[in-house]
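> My questions are about this predicted structure, shown below with the sequence.
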Amino acid sequence: MRLQSDLLIARDPRMACTWQGFVNNQATMASAFKHAMAKMAVIGQDTHALIDCSAVVPEPVPAAGKPATFPATKAIADVLQACGSPFPSLATDPGASETIISHCPPTQTTC
């Protein structure tokens, strides 16, 4: 699954190399995400009127520690590269070949 917002950020010339730099760099990505979410969480809010509830937020589960890989059926040829530096070399996860789901009309509940 790919979010349209992620695709647009990754392809934007101002962010492409930063985005690509997150590949296999979980700590850097997590730090950037934390700072971005902290900014977005208070947009339009009076931060002095907010109550800090962080003590009740559970600790996140640590990342798997496994290097980044392409999902089964995907490879470097599927990357829409927007950064001028070479894309990191990644292995592809094993798995079955891609399954194409037949189109189901919106009015039909089974296909």
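Looks like it came in fine.
> Secondary structure element for A10, which one?
Assigned by DSSP states H and E, A10 belongs to helix 4-11.
> what's in contact with that helix?
Outside helix 4-11, the residues that touch it by Cβ atoms under 8 Å, 6 or more residues apart in numbering are 15-16, 19-20, 80, 82. All C-beta spots, glycine's among them, are computed from the backbone N, C-alpha and C.
> and what of stretch 54-74?
23-24, 26, 30, 76, 78, 88, 90-98.
> Narrow the residues you listed to just the buried residues.
Buried by 16 or more other Cβ atoms under 10 Å: 26, 90, out of the contacts of stretch 54-74.
> so which pair among the contacts of stretch 54-74 is furthest apart in space?
A30 and S97 (32.9 Å; Cβ to Cβ).
> Can you get me a residue count around the nearest residue to T92 once chain neighbours are set aside?
Spatial nearest neighbour of T92, excluding adjacent residues (Cβ to Cβ, 6 or more residues apart in numbering): F70 at 4.3 Å. By the measure other Cβ atoms under 10 Å, the count of residues near F70 is 15.
> in the worst-scoring helix or strand of the chain on mean pLDDT, what counts as buried?
Every helix and strand of the chain was ranked by mean pLDDT, DSSP states H and E. The lowest is helix 4-11, at a mean of 88. By 16+ other Cβ under 10 Å, the buried positions in helix 4-11 come out as A10.
> Keeping just the C-alphas, turn it into CSV.
This file holds the C-alpha atoms of helix 4-11, laid out as CSV (Å, rounded to 0.1, in the frame of the first residue of the first chain):
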residue,chain,number,x,y,z
GLN,A,4,-0.7,9.4,-2.2
SER,A,5,0.8,11.9,0.3
ASP,A,6,3.9,9.7,0.7
LEU,A,7,4.3,9.5,-3.1
LEU,A,8,4.1,13.2,-3.5
ILE,A,9,6.6,13.9,-0.7
ALA,A,10,9.0,11.3,-2.0
ARG,A,11,8.9,12.8,-5.6
